[in-house]
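Colleague: Task: produce atomic coordinates for the following.
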Amino acid sequence: MAQILEITPEATLSAVRRQLSQWRRERVALLLPADWHELDNSARMRLLQRQAQIQQCHLGLISRDPAVHAAAHQVGVPVFVHPEDALRDNWRMSPMLPLVHPRRPELGLPEAPRWRRARITAQETLPSQFRARQKRIRVEEQYRRPLPGWLRLTGNLLMGGIIAAALLLFTLYVIPAATITLVPGREPLRVTVQLVANPFLDVPDLEINQLPARTVETTIDATSTIRTSGTRQKSTELATGRVTFTNLGSSPVRVPAGTVVSTGTGTAVNFHTTTDAEVPAGRGQRADASIEALEPGIQGNVRANTINTVNGGLRVRISVTNQGGTGGGGSQLVPVATQADRDQLLDQVEAQIAAEAYEKLQGLLEPGEWLSPESIQLLTLSTPTFSAFNDEEADELSLTLRQLVRGVAVDEAILREALLQTAQDAIPREAKLVASSLTAQRMPGVDIVGSSVQFTMTVNADYVIPIDPAEVRSAIAGLTPEAAVSLVQQRWPMARPPEIYRDPEWFATLPAIGNRIQVRVAYDDTVTSP
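Modeller: Model (predicted):
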């Protein structure tokens, strides 16, 4: 009965052959996984068939792949679609080529015909190997004949001349070597760049000159007091006097204390009686009463005959007049708060908070951060509370103010990296920047754009003039050391004169071959690559 061997999708053809070599079944059917392309051509199929021939078993395949079906039919391997078909015992493998014996391959060849066997036997008895050897001997004898003497002498002289010329060229152009050491000079660089510290940025964006920043903030409460500068007259005394009431009817009239009378011209000044008065019956009858001004101040001092109005229901029954003027009303000059005091005190408190803001925000910075004083913003959190209103009597005016102090901090390491990149972009191509010479200065003035801070930096640095070693070699080849030093100093700025070492010092000039000249460009340790 046939045995089915299931192949995993990860298996290779070599692994399948090794697995097949361990089976001793008469019929073996391989169940191939879908999309397995190890047996999709006849060459690989033939390798697996030969392994089955060595095992002396019949090999079959179970697959739906058309390429596997085609390759199997080409070499004579039966292939099935369903595993049930492979379990039958009536199928066999029919290889197109027999298995070749590894030690005696002629066993698999068919028997030669009778006429061919006689010819093969005759050829084996012919002395073909002897004739071939004699032919090679005759050919070798032609090459071993000695050349004429003049030809040998000419060849030796020619070869000697070639060797002597090669030695001369080697001595003149190959043996001499030289090394020149150059210390390039420096050139100053000054670049002005406008940077933006953006708190909403995580990484630097040097294409648009924006740097990541951090917002630091705190609240500050401040209280301050100043002397008020305004003054006004304050009424202090009530004016007093006497009035006369005249009866306008025939009945007596009682005027109770507190009856209000006032002047009839200009701004009305009100008075009230301080005592009761009884006006006798009869038209024209009179009675006097004491009065006092309702409001203190000099406005209560009125002239005679100016109080002529009775307020209230008694006005139709009696009339009033003052035969003498009133007096005693007074005032004094007192300090009051003004709007100018309020503005001055607000400016003073804001200046006090601004003076404390930078120091307080500095305490919130992390190591290596830089805070621009111009970036500090003051935001009032509550309405300013003054101790007195405008024109209110007060010797002093106090204010309590709470403000939010906010600033933008920049990491100095990121800032220096951005300035270094700016300087490197500004130097010539292939030049080298002297990192130790990099200095930066912030220009006055900072612009606040929303939550970002825009500022301008000036970068000063030195860079090393680039030197091409190939150009130096071609320029000084064949020159004397003195001429080479002079030429190099004229063409390239040098920090110090070049140093030239020759080995050996047989000749007065440098090697004529540029490849024999080594150019060393010595840079300082502080020089960075472009």
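Colleague: mind exporting stretch 270-286 as PDB, just the C-alpha atoms?
Modeller: What follows is stretch 270-286, C-alpha atoms only, in PDB (Å, rounded to 0.1, in the frame of the first residue of the first chain):
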ATOM      1  CA  ASN A 270     -32.300 124.500  52.100                       C
ATOM      2  CA  PHE A 271     -32.700 125.300  55.800                       C
ATOM      3  CA  HIS A 272     -34.900 123.700  58.500                       C
ATOM      4  CA  THR A 273     -36.300 125.300  61.600                       C
ATOM      5  CA  THR A 274     -34.800 124.200  64.900                       C
ATOM      6  CA  THR A 275     -37.700 125.500  67.100                       C
ATOM      7  CA  ASP A 276     -41.500 125.600  66.900                       C
ATOM      8  CA  ALA A 277     -43.200 128.800  66.000                       C
ATOM      9  CA  GLU A 278     -46.800 130.000  66.600                       C
ATOM     10  CA  VAL A 279     -48.100 132.600  64.000                       C
ATOM     11  CA  PRO A 280     -51.100 134.500  65.500                       C
ATOM     12  CA  ALA A 281     -54.500 134.600  63.700                       C
ATOM     13  CA  GLY A 282     -55.000 137.400  61.300                       C
ATOM     14  CA  ARG A 283     -53.600 138.300  58.000                       C
ATOM     15  CA  GLY A 284     -50.100 139.900  58.300                       C
ATOM     16  CA  GLN A 285     -49.400 138.500  61.800                       C
ATOM     17  CA  ARG A 286     -45.800 137.400  62.200                       C
END
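Colleague: residues making contact with that stretch?
Modeller: 239, 241, 243-262, 287-295, 300, 307, 311, 318, 326 (C-beta atoms under 8 Å, 6 or more residues apart in numbering). For glycine as for every other residue, the C-beta is placed from the backbone atoms N, C-alpha and C.
Colleague: Of these, grab the buried ones for ChimeraX.
Modeller: Provided next is the ChimeraX selection string for whichever of the contacts of stretch 270-286 are buried by 16 or more other C-beta atoms under 10 Å:
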select :239,241,243,244,245,247,248,253,255,259,261,262,287,289,291,292,293,300,307,318,326
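Colleague: Do you have the strands of the stretch 151-300 of the chain handy? List them.
Modeller: Ranges of strands in the stretch 151-300 of the chain, per DSSP state E, counting those that start in this stretch, are 177-182, 186-198, 210-227, 230-237, 240-247, 253-255, 260-263, 270-273, 277-279, 286-293.
Colleague: got CSV for those, with distance to residue 137 too?
Modeller: Below are the strands of the stretch 151-300 of the chain laid out as CSV (distance: least, C-beta to C-beta, whole Å):
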stretch, distance to residue 137
strand 177-182, 54
strand 186-198, 81
strand 210-227, 92
strand 230-237, 142
strand 240-247, 172
strand 253-255, 179
strand 260-263, 168
strand 270-273, 165
strand 277-279, 181
strand 286-293, 166
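Colleague: For stretch 67-77, list every residue counted as buried.
Modeller: For stretch 67-77, the neighbour count (16+ other C-beta under 10 Å) marks 68, 69, 71, 72, 75, 76, 77 as buried.
Colleague: just those residues now: which is nearest residue 385?
Modeller: Distances from residue 385 to the buried residues of stretch 67-77, taken as C-beta to C-beta, are shortest for residue 68 (93.4 Å).
Colleague: does that closest one sit in a helix or strand, and which one?
Modeller: According to DSSP states H and E, residue 68 maps onto helix 66-75.
Colleague: What lies in contact with that helix?
Modeller: Contact partners of helix 66-75, identified using C-beta under 8 Å, 6+ apart, comprise 32, 37, 39-42, 44-46, 49, 61, 63, 78-79, 95-96.
Colleague: Helix or strand next in line after it, which one?
Modeller: Using DSSP H and E, the helix or strand that directly follows helix 66-75 along the chain is strand 79-80.
Colleague: Can you give the distance from the helix or strand following that following strand to the centre of its chain?
Modeller: For strand 79-80, the succeeding helix or strand toward the C-terminus, using DSSP H and E, is helix 83-86. With C-alpha atoms, centre = their mean, to the nearest Å as the basis, helix 83-86 stands 66 Å off its chain's centre.
Colleague: how far away is residue 95 from residue 44?
Modeller: Look at residue 95 and residue 44: by C-beta to C-beta, to the nearest Å, they are 15 Å apart.
Colleague: can you pull the contacts of residue 238?
Modeller: Residues in contact with residue 238 (C-beta under 8 Å, 6+ apart) are 292, 293, 295, 296, 300, 328, 329.
Colleague: Now with 7 Å, please.
Modeller: Applying C-beta atoms under 7 Å, 6 or more residues apart in numbering, one finds that residue 238 lies in contact with 292, 293, 296, 300, 328, 329.
Colleague: how about the strands in the stretch 301-450 of the chain?
Modeller: 307-310, 318-321, 330-336, 369-371, 377-380, 385-386, 396-411, 432-442, 447-449.
Colleague: can you tell which of the ones you listed is closest to residue 220?
Modeller: Taking C-beta to C-beta, strand 396-411 is the member of the strands of the stretch 301-450 of the chain nearest to residue 220, at 5.6 Å.
Colleague: so what's residue 254 closest to, chain neighbours aside?
Modeller: Nearest residue to residue 254 in three dimensions, chain neighbours excluded: residue 278, at 5.6 Å (C-beta to C-beta, 6 or more residues apart in numbering).
Colleague: ok, that neighbour to residue 194 distance?
Modeller: 95 Å.
Colleague: What of residue 259?
Modeller: Counting by C-beta to C-beta, the gap from residue 259 to residue 194 is 82 Å.
Colleague: and if you look at residue 224?
Modeller: Here residue 224 is placed at a distance of 38 Å from residue 194 (C-beta to C-beta).
Colleague: Please apply the same query to residue 165.
Modeller: Residue 165 sits 69 Å away from residue 194, going by C-beta to C-beta.
Colleague: lowest-confidence helix or strand of the protein?
Modeller: The helix or strand of the chain with the poorest confidence is helix 114-125; it has a mean of 57 (mean pLDDT, DSSP states H and E).
Colleague: where are the low-confidence patches of the stretch 51-200 of the chain?
Modeller: Along the stretch 51-200 of the chain, segments meeting pLDDT under 70 span 97-131, 141-146, 172-174.
Colleague: ok, 90 please
Modeller: Applying pLDDT under 90 to the stretch 51-200 of the chain flags the ranges 51-60, 64-66, 68, 71, 74-76, 81-156, 163-178, 180, 182-189, 191-200.
Colleague: OK, contacts around the closest residue to residue 229 other than its chain neighbours?
Modeller: Excluding its sequence neighbours, the residue lying closest to residue 229 (C-beta to C-beta, 6+ apart) is residue 341, at 5.6 Å. Contact analysis of residue 341 by C-beta under 7 Å, 6+ apart lists 226, 228, 229, 230, 397.
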